[in-house]
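Enquirer: Using only what follows, build the 3D model:
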Amino acid sequence: MKAKSIEGTSPEALSAALESAMRDGFKPTLAVAFVSIKFDLSFIQSLFTEKGIDLAGATSSGEFIDGYEGRGSAVFLLLDMDRSAYHILFEKTNAIQLGETVSDMTQKAMDLFKHPGFILLSTSVSATGDFLDGETIIRTIEKTAGEQVTIFGGMAGDDSTFTGTYVFTTEQVISDGIILLVLDEDKISLQGRAISGWKPLGITRTVTKSEGQKLLAIDDQPALDMYLKYLGHENIAGEDKYSVFESVGLHYPFQVEREIGDPAMVTPIGIDQSDNGLICESKIPEGSRIRFSTPPDFDIVEKVLDNARELKNSTDADADAMLIFSCLGRFSAMGPMANAENEGLSEIWNVPMAGFYTYGEYGRALNGRQEFHSTTCCWVALKEK
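Expert: Next up is the predicted model:
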């Protein structure tokens, strides 16, 4: 399987990049796309329809390929994969029907291939302000297809505006839905890992009050006040809490203990001063045991890259192409180190790569279980057998 990655900052530049990629006779059948909401999606749909290239895409909060990282652009991993080795499933959903929709999609995938693997792209926040529950998505796929199922992917972004995220094919664009790019693992291998690299700090604490995605009390203390105190800000006047949180909040995710394996990472994305609450990107149920995280440093990057090298060497694997799903929180916290992480992964596998900054990640954790993640780097290498 041959692969190429391209980028464009305008419709004209994108069209030229695609023409250049195909000039040597390369004929991609499939493109995986990560695109800013500033970009004209209808143009992209028309362009790839005209070329006869299938499309599975998500909007982003930053896009990258090997040697390029940008904002407000569009990137694509082009693959000349045999069409018998993949199928694109695309469904609109909502919170009430989510489990049923995902179960039906997974069953369709199992009817298509004996050993299906998934590249999962979902919306996160819809244009009407509703959030999809990534944990329900991942657990439903696992329940339907079995614990051995392979899943890698990410939640769409919207350039950090939280006004509406989208997934799309050549035929549809929706702000509340799921794309399953189903791969026949008898023909295409998927090697990957999801890892945060963040180190815990301080004692284990208990969530004593929460409501949905709002964290209200930790060890019976107001969650927002404790969080800001941990960040070194005490006795702050109410009107200053927003500015303090916005400057440092995304940099320090919570580490929520799991029954098995590494902790789940959950990032605060906002505050509610009326009840001193933290608004998180996913639910942290009452009774959860949590720890704070240390400030980000280059050790986080090294842990991710060392793990990738170890997996590659232990399996003696190579690859044809690579996808990376990195949390927006990593970019916010790590700055240029996030780009170094992406480039380092690309260099380890030495294949065409494309990726984006997400609002949540799906992938196999170090404990071997499929999980929904936050503030995590999730990568997958693809190889035609």
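
Enquirer: For the protein, which segments count as helices?
Expert: Ranges of helices within the chain are 11-22, 41-50, 98-112, 134-145, 223-230, 241-248, 298-315, 328-334, 336-349, based on DSSP state H.

Enquirer: For Phe292, find the nearest of the ones you listed.
Expert: Phe292 sits nearest to helix 223-230 of all these, at 5.3 Å, using C-beta to C-beta. For the C-beta atoms, the positions are set from N, CA and C on the backbone; glycine is no exception.

Enquirer: ok, and what's touching the closest one?
Expert: 202, 209, 215-219, 234, 236, 241, 244-245, 249, 252, 268, 271-273, 276-278, 292 (C-beta atoms under 8 Å, 6 or more residues apart in numbering).

Enquirer: ok, residues contacting the lengthiest strand in the chain?
Expert: In the chain, taking DSSP state E as the definition, the longest strand is strand 200-211. For strand 200-211, the external contacting residues (C-beta under 8 Å, 6+ apart) are 215-220, 223, 230, 255, 257, 263, 283-294.

Enquirer: one more time with 6 Å, if that's ok
Expert: 216-220, 255, 284, 286, 288-292, 294 (C-beta atoms under 6 Å, 6 or more residues apart in numbering).

Enquirer: do stretch 333-350 as well
Expert: 64, 66, 69, 251, 296, 298, 301, 304-305, 308-309, 319, 322, 324, 330-331, 353, 379, 381.

Enquirer: Going by neighbour count, list what's buried in that stretch.
Expert: 333-334, 337-339, 341-346, 348-349 (16 or more other C-beta atoms under 10 Å).

Enquirer: Going by the annotation, which residue ranges form each domain of this structure?
Expert: 3-195+299-384, 200-293 (automatic domain parsing).

Enquirer: Near Trp57, how many other residues are there?
Expert: I think there's a mix-up here, since residue 57 is Gly and not Trp. Close neighbours of Gly57, defined as other C-beta atoms under 10 Å, add up to 27.

Enquirer: Pass me the low-pLDDT residue ranges in the stretch 151-300 of the chain, would you?
Expert: 234-240, 242-244, 246-251 (pLDDT under 70).

Enquirer: can you give me the strands for it?
Expert: Using DSSP state E, counting those that start in this stretch, the strands assigned to the stretch 151-300 of the chain run over residues 167-168, 173-174, 177-184, 188-195, 200-211, 214-218, 221-222, 254-256, 264-266, 268-272, 277-280, 289-293.

Enquirer: neighbouring strands for the third one, and are they parallel or not?
Expert: Looking at strand 177-184 with DSSP bridges, its partner strands are strand 86-92 (antiparallel), strand 116-122 (antiparallel).

Enquirer: quick one, it and helix 134-145 angle?
Expert: Calculated by axes from the mean of the first three to the mean of the last three C-alpha atoms, to 10 degrees, strand 177-184 forms an angle of 40 degrees with helix 134-145.

Enquirer: Check the offset of strand 177-184 from the chain's centre.
Expert: Distance of strand 177-184 from the chain centroid (C-alpha atoms, centre = their mean, to the nearest Å) equals 14 Å.

Enquirer: Can I get that strand as CSV, trimmed to CA atoms?
Expert: Coordinates of each C-alpha in strand 177-184 appear next as CSV, following Å, rounded to 0.1, in the frame of the first residue of the first chain:
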residue,chain,number,x,y,z
GLY,A,177,-22.4,11.8,14.5
ILE,A,178,-19.8,9.1,14.0
ILE,A,179,-17.6,7.7,11.2
LEU,A,180,-16.3,4.2,11.5
LEU,A,181,-13.6,3.6,8.9
VAL,A,182,-13.7,-0.2,9.1
LEU,A,183,-10.5,-2.0,8.0
ASP,A,184,-10.2,-5.7,7.3
